[in-house]
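Engineer: sequence first, predicted model second:
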Amino acid sequence: MSERKIGKVISVDSFRVVVQLDEDLKSLYKSGFNDIYEIARINSYLIIPVGADRIVAIVTRVKIQDETEIEKTTGFITLPKAQRYLVATMIGTIENGRDYLQGVYNYPILDNPVWYVVKDDLDKIFDTAPKEAIDYSKDYFLPIGTSPAFSDYQIKINPDKFFGKHAAVLGNTGSGKSCTVASILQSLFAFEFKDGKRLQNAHFIIFDTNGEYKRAFVGEKDTNEYKDKELANAICINKKGLKVPFWFMSFDDFEFLFEPSAKTQTPILKRAIGLAKNTQQVAGQPVLSKFLERGVSDLIDISPDELKKKKCTQSYGNWVYSATNEVLDLGNAINPNGSQLITDIKLLITQLGGQIQRTGEDNCLTQLKTKYTDYLAHNIQKKIALEKNIDLPLWFDFNKLISEHFDEAINEQENSSNSVREFVSTLRLRLQAYLNDERISEPLLLNQNSNINEALSKFLAFILGDLFKIFNNTESDIYTNYFKQQVTKEEPEKVSDQKPNQITIIDMSLIPFEVLETITGLIGRLVLEFLSRFNTDNRGDFPVVIVLEEAQNYIPEKDRGDKVSISKKVFERVAREGRKFGLSLLVSSQRPSELSKTVLSQCNSFIIHRLQNPDDQKYVKQLVSAANEDILQQLPVLPQQVAIIMGDGVRTPIQMRVNTAKPKPNSDNPKFIEKWLKDVNKTFPDYKQIAKNWEEGKKNSDTTE
């Protein structure tokens, strides 16, 4: 192999080598037996033989040593010697000349020979195994781009590793992130697996905050249709179809959205929602008023003398002994439906107020203590049930929450209900304002005055693209109606023949900012909890990928004031726990430094486009292996559609040109000069129609959909 030698190692650290090129090399190429090989080009490869292994290193720097000398005697300056050096990062190992493994475990020594890379090495690095021999769990087989340095080779990913362990697509606006996401998904659905099979039961949910992805997977009027759209059978859920019922919200969701004060308003809101969600359970349940309950508790361990004094004063709390030794106002303090337990307590208190003997009083007090203990135990169990149910997706009337259940919760308080009512008034007004604001009430269905039949199962099937499985032509709820309009426009009678919607695009471009985090977090939590409720033996049998476009909008690293983002909580939980349930994230962002560190740190694969902000560059370098830092120095100068890919999803870190998405998402830059050169067109824009739609909360496209 001496003919392949181009230099020797003169410096080694944990991941970097410095190579001194042989002096007889007069150019950056060397002639081999079969070809002419590049030997000193950024992003090209070197081979460093170590025993039976071959270390693969990527060239990150080329330099010539400054050896200018001045002859002291003559004053002449000699030309620099043609001594050149390469700095390369070791990225992988070809074990025993057979399989390529990412990473290095056997290091070279000083003066170790260095070879140029040949086709046989590149075949192993880029994985050119035939389709019939592909192992889906191990091999890298899905082409998503090409290598600028080796144009004959495609960059391939392993979908199981790329999607199964969370991935991130990062880069400045206009660098090609949306096109990269669309291109990868288009390649995935177009790929023919063994025996010509294609994906049939995939589940992707795209949170499309800019309304870009419909054109890429569904097609739009007057644009290039997605030729293979039947493969993914994508559905786009726009503002009309995006209805996320408020009763699916947990108390954390309510607290984030309505912002109650911690000390007074939060307990009342929690109790009111508990009462609203448990109306059937609390109806008819006996409740002692707080004043009467305190009075009874004081009687339990009372001494005979103290009891006698109380009888003399003939009053305590809000119950009073009358002249005939009966308890007044007791009935008003107890739930009118009552129960035997409450009746017994009432009878015992009445007896204590009567003129009974000392032994009778002792016996009466003992019985009262037993009955009251039973009452407390019953109430504790009931309270636990109510608190447990508060996070269950149970329908309740939002109007009654404001008008009735708030008052019920206030009346249960021990202190003055008037002062509590005053403190809670601002929260009640806030809830009423949200109810009256159509921008918020419509997507959350705050005005829904009746339950939707099987709402939770239909919503989940709708979002996950499987509504056709439970669809019934007799149903007329919001989800099945929208499904008919969007998926079965031409032949609604063939709804039973529909394939799964393998991509669900949620167009959130017109969702108000006030509820953006609530809706994204709620959908993410519902999907996670749905998957987590599978039997242990079925975990992972229903993989789902959520694509978070412009993720910095709803999973920010820094909280806004004291308000912790509810969607950040959810997706951090998904990042930590989702993989074991088959739920993964594909995070896309133009400002990685503003994203949750927890989410990004859980990503195992990265596709990084041009990043010019120093904070973003520094942040990304902290996320990935230090061994890749030299490669990331290229980030500020990457052209559009070119990115650096690294991590578990790809065989080796490398720069790649991403395959062109056909058609592209609707994220093209405006053509200023071309549009400015056009003749004046009086029909565009239609100011009146756009303003009218704006006032009605519509997009122009809503009128044609």
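Structural biologist: That came through fine.
Engineer: doesn't Asn158 make contact with Lys138?
Structural biologist: Yes. Lys138 is within contact range of Asn158, at 7.2 Å (criterion: CB atoms under 8 Å). Using the backbone N, CA and C atoms, a C-beta is placed for each residue, glycine as well.
Engineer: so the two - more neighbours on which side?
Structural biologist: Using other CB atoms under 10 Å, the more surrounded residue of Lys138 and Asn158 is Asn158, with 23 against 12.
Engineer: who touches the nearest residue in space to that one that is not next to it in sequence in this structure?
Structural biologist: Excluding its sequence neighbours, the residue lying closest to Asn158 (CB to CB, 6 or more residues apart in numbering) is Tyr140, at 4.8 Å. By CB atoms under 8 Å, 6 or more residues apart in numbering, Tyr140 lies in contact with Asp127, Lys156, Ile157, Asn158, Val650, Arg651.
Engineer: wait, is Tyr140 part of a helix?
Structural biologist: No. Read with DSSP: H, G, I helix; E, B strand; the rest coil, Tyr140 is coil and lies in no helix.
Engineer: quick one: Phe207 is in a strand?
Structural biologist: Yes. Membership of Phe207 in a strand is supported by three-state DSSP.
Engineer: so what pLDDT did it get?
Structural biologist: Per-residue confidence at Phe207 stands at 95 (pLDDT).
Engineer: same deal with Ser403?
Structural biologist: Ser403 carries a pLDDT value of 89.
Engineer: secondary structure class for it?
Structural biologist: Recorded secondary structure, Ser403: helix (three-state DSSP).
Engineer: with Leu86 instead?
Structural biologist: With three-state DSSP as the basis, Leu86 sits in strand.
Engineer: you'd agree it is up against Lys8?
Structural biologist: No. Taking contacts as CB under 8 Å, Leu86 lies outside contact range of Lys8: 10.9 Å.
Engineer: common neighbours of these two, please.
Structural biologist: Here Leu86 and Lys8 have Val19 as joint contacts, going by CB under 8 Å, 6+ apart.
Engineer: of the two, who's got more company?
Structural biologist: Taking other CB under 10 Å, Leu86 and Lys8 do not tie; Leu86 has more neighbours (24 against 16).
Engineer: what's near enough to touch that one?
Structural biologist: Gly7, Val18, Val19, Leu21, Ala40, Leu46, Val59, Arg61, Val62.
Engineer: ok, 6 Å please
Structural biologist: Leu86 makes contact with Val19, Ala40, Val59, Val62 under the criterion CB atoms under 6 Å, 6 or more residues apart in numbering.
Engineer: could you turn the buried ones of these into a ChimeraX selection?
Structural biologist: ChimeraX command restricting the contacts of Leu86 to the buried ones, with burial defined by 16 or more other CB atoms under 10 Å:
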select :19,40,59,62
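Engineer: what's the closest of the contacts of Leu86 to Leu431?
Structural biologist: Distances from Leu431 to the contacts of Leu86, taken as CB to CB, are shortest for Val59 (62.8 Å).
Engineer: tell me the mean pLDDT for stretch 83-98?
Structural biologist: Throughout stretch 83-98, pLDDT has a mean value of 89.
Engineer: buried residues of that stretch, list them for me.
Structural biologist: Neighbour-count burial for stretch 83-98 [16+ other CB under 10 Å]: Arg84, Tyr85, Leu86, Val87, Ala88, Thr89, Met90, Ile91, Gly92, Thr93, Ile94.
Engineer: below-threshold pLDDT in the stretch 51-200 of the chain: ranges please.
Structural biologist: Counting by pLDDT under 70, the stretch 51-200 of the chain contains low-confidence residues at 66-82.
Engineer: which stretches in it count as strands?
Structural biologist: Taking DSSP state E, counting those that start in this stretch as the criterion, the stretch 51-200 of the chain carries its strands at 53-64, 84-95, 99-102, 113-116, 142-146, 154-157, 167-170.
Engineer: reformat those strands as TSV; add distance to Phe246.
Structural biologist: Formatted as TSV, the strands of the stretch 51-200 of the chain follow (distance: least, CB to CB, whole Å):
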stretch	distance to Phe246
strand 53-64	53
strand 84-95	51
strand 99-102	47
strand 113-116	65
strand 142-146	40
strand 154-157	40
strand 167-170	32
